[in-house]
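In: let me see the structure of the following:
(one chain, ligands or ions: 1)
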Amino acid sequence: MKERLQKIADMLKAASDIAVYCHSNPDGDTIACALSVCRALGAQGKTVTPVCEDAVPEKYLFMEGADKFIRPDKRVHEMALAVDCSGPDRLGGASKSFLSAKKRASVDHHLSHVNFAQTDYTEADSAACAEIIYLLLDGMGAVDKGTAALLFAGIVADSGCFQYPSTTSRTHEIAAKLIEKGIDAADIVYRVHRRLTPEVFTLKMRVLSKCRLFDEGKIAVVTFTKEDFEATGTRPSDTEGIIASAIDIDGVEVAFAISEVGDKNFKVSVRTKDHADASDIAAVFGGGGHSKAAGCRMNGFYEDVKDKLLKAARDRL
Ligand SMILES: [Mn+2]
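Out: Residues are numbered from 1 along each chain as shown. A predicted model of the protein is given here:
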């Protein structure tokens with residue numbers, strides 16, 4: 001294990017009351033990281049609590065322990081570990097709680113990571129933060145079948161099921177070791193990447209039928225309005241993955257998913273192919289992420305938000 005990661009392992013070994021923090025609007029990777037640490041160290045007799053500002057999306061409720069998440073509160077924990085968070089702002093409303101802990105560590109895989117704990121460990125070339133959490137827990141001899149299933153879900157979620165260019169031979173090697181623990185890999189892939197509720201399927205049909213292409217088909221925009229969510233009985237957290245259908249179109253280099261999450265408030269997801277960097281585009285609006293997948297929040301009228309995004313994409317194509 002790398003020295004700094006070993007230091008985090010030592011901190012975890014010494015602590016008996018640990019809170020593990022996910023980023024807000026949690027995705028499969030951050031949830032899997034938190035739950036795997038909770039399960040692995042909980043089995044060693046420690047009190048380990050997963051914390052997130054927002055609720056776990058329905059599709060990830062199958063992960064063992066997903067019902068154990070708490071919202072940030074005033075309790076001061078002996079140790080806080082942030083997983084998959086590129087900076088303190090990613091903790092959202094949980095940042096105060098995180099910073100109140102006596103010992104603080106962070107494990108992350110974002111290139112844009114800003115150190116915010118006492119000990120930060122980042123590997124920007126990991127396809128998922130769950131890869132690094134595997135190295136951490138395996139080094140502590142703490143990966144059993146249940147923990148392996150969680151880590152596999154995290155890797156499958158963030159690597160797009162081994163499709164994104166962030167996937168390396170190590171991603172596959174770790175996945176192989178997890179499969180050797182006896183997990184049902186096909187079922188996890190189905191639950192993370194293919195399964196849809198009838199409501200989300202209806203949302204997908206509805207928004208993709210309105211998908212707009214700009215600049216001779218180089219830029220795609222998928223928009224989720226409040227009415228789309230209301231009419232289909234879905235929520236902004238159900239939009240994950242739908243943008244993939246837009247970036248997959250031949251000729252599309254940049255795809256945006258714009259979700260109306262509040263009054264003149266939008267959550268934007270950015271996906272790119274080879275000619276533009278997604279995190280670069282998201283950074284224009286204070287967001288971040290990875291080279292092919294990133295996100296940001298924007299305020300204003302929908303048309304203005306869309307035009308600003310189109311300009312940011314055009315500037316890079
Ligand atoms: Mn991640």
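
In: who in this protein is up against the ion?
Out: 29, 84, 129, 158 (Cβ under 5 Å from the ion). The C-beta positions use only the backbone N, C-alpha and C, and glycine is treated the same way.

In: and for the last one, the neighbour number?
Out: For residue 158, the number of neighbouring residues by other Cβ atoms under 10 Å comes to 29.

In: how far away is the residue nearest to residue 229 when sequence neighbours are not counted from residue 261?
Out: Sequence neighbours aside, residue 235 is the residue nearest to residue 229 in space, at 5.9 Å (criterion: Cβ to Cβ, 6 or more residues apart in numbering). To residue 261, residue 235 is 9 Å away according to Cβ to Cβ, to the nearest Å.

In: distance check, whichever residue of the chain sits closest to the ion against residue 164.
Out: Closest residue of the chain to the ion, Cβ to the ion: residue 29 (3.5 Å). Using Cβ to Cβ, residue 29 is found at 12 Å from residue 164.

In: more neighbours, the two?
Out: Shown here are residue 29 and residue 164; by other Cβ under 10 Å, residue 29 has more neighbours (28 against 17).

In: for the more buried one, which three-state class applies?
Out: On the three-state scheme (DSSP: H, G, I helix; E, B strand; the rest coil), residue 29 is labelled helix.

In: again with residue 190
Out: Residue 190 - assigned by three-state DSSP - is helix.

In: contacting residues around the lowest-mean-pLDDT helix or strand in the chain?
Out: Across the helices and strands of the chain, the lowest-confidence element by mean pLDDT, DSSP states H and E is strand 288-289, at a mean of 86. Residues outside strand 288-289 that contact it (Cβ atoms under 8 Å, 6 or more residues apart in numbering) are 86-87, 110, 112, 270, 278-279, 282, 294-296.

In: would CSV of the residues you listed with neighbour count, pLDDT and secondary structure be doable?
Out: Output for the contacts of strand 288-289, formatted as CSV (neighbours: other Cβ atoms under 10 Å; pLDDT from 0 to 100; DSSP: H, G, I helix; E, B strand; the rest coil):
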residue, neighbour count, pLDDT, secondary structure
86, 24, 94, coil
87, 18, 93, coil
110, 22, 93, coil
112, 18, 86, coil
270, 31, 97, strand
278, 27, 96, helix
279, 22, 93, helix
282, 24, 97, helix
294, 23, 93, strand
295, 23, 93, strand
296, 21, 96, strand
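
In: can you give me the buried ones in stretch 30-50?
Out: Across stretch 30-50, burial judged by 16 or more other Cβ atoms under 10 Å covers 30-42, 46, 48-50.

In: so which of those belong to strands?
Out: Members of those lying in strands (criterion: DSSP state E): 48-50.

In: for residue 121, state which of those residues is nearest.
Out: Lowest distance from residue 121 to these (Cβ to Cβ) belongs to residue 48, with 18.1 Å.

In: residue contacts, the closest one?
Out: 18-20, 37-38, 41-42.

In: same check, this time on residue 51
Out: 19-22, 34, 69-72, 94, 97-98.

In: got the CA positions of the host helix or strand of residue 303 in CSV?
Out: Using DSSP states H and E, residue 303 sits within helix 302-314. C-alpha atoms of helix 302-314 as CSV (Å, rounded to 0.1, in the frame of the first residue of the first chain):
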residue,chain,number,x,y,z
TYR,A,302,-33.3,28.0,-19.1
GLU,A,303,-32.5,29.6,-22.5
ASP,A,304,-29.6,31.5,-21.0
VAL,A,305,-28.3,28.5,-19.2
LYS,A,306,-28.5,26.5,-22.5
ASP,A,307,-26.8,29.2,-24.5
LYS,A,308,-23.9,29.6,-22.0
LEU,A,309,-23.4,25.8,-22.2
LEU,A,310,-23.5,25.8,-26.0
LYS,A,311,-20.9,28.6,-26.1
ALA,A,312,-18.6,26.8,-23.6
ALA,A,313,-18.8,23.7,-25.8
ARG,A,314,-18.3,25.6,-29.1
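
In: can you show me the strands along the stretch 1-150 of the chain?
Out: 17-21, 47-51, 79-83, 103-108, 119-122 (DSSP state E, counting those that start in this stretch).

In: highest mean neighbour count out of the ones you listed?
Out: Among the strands of the stretch 1-150 of the chain, strand 79-83 has the highest mean neighbour count (mean count of other Cβ atoms under 10 Å), at a mean of 28.

In: who touches that one?
Out: Here strand 79-83 has contacts from 8, 11-12, 15, 17-23, 30, 33-34, 37, 91, 97-108, 116-117, 129, 133, using Cβ under 8 Å, 6+ apart.

In: go with 7 Å
Out: 11-12, 15, 18-22, 30, 33-34, 37, 91, 98, 101, 103-107, 117, 129, 133 (Cβ atoms under 7 Å, 6 or more residues apart in numbering).

In: what's the answer for stretch 110-120, then?
Out: Contacts with stretch 110-120, where a contact means Cβ under 7 Å, 6+ apart, come from 4, 7-8, 11, 82, 86-88, 103-106, 122, 124, 279, 288.
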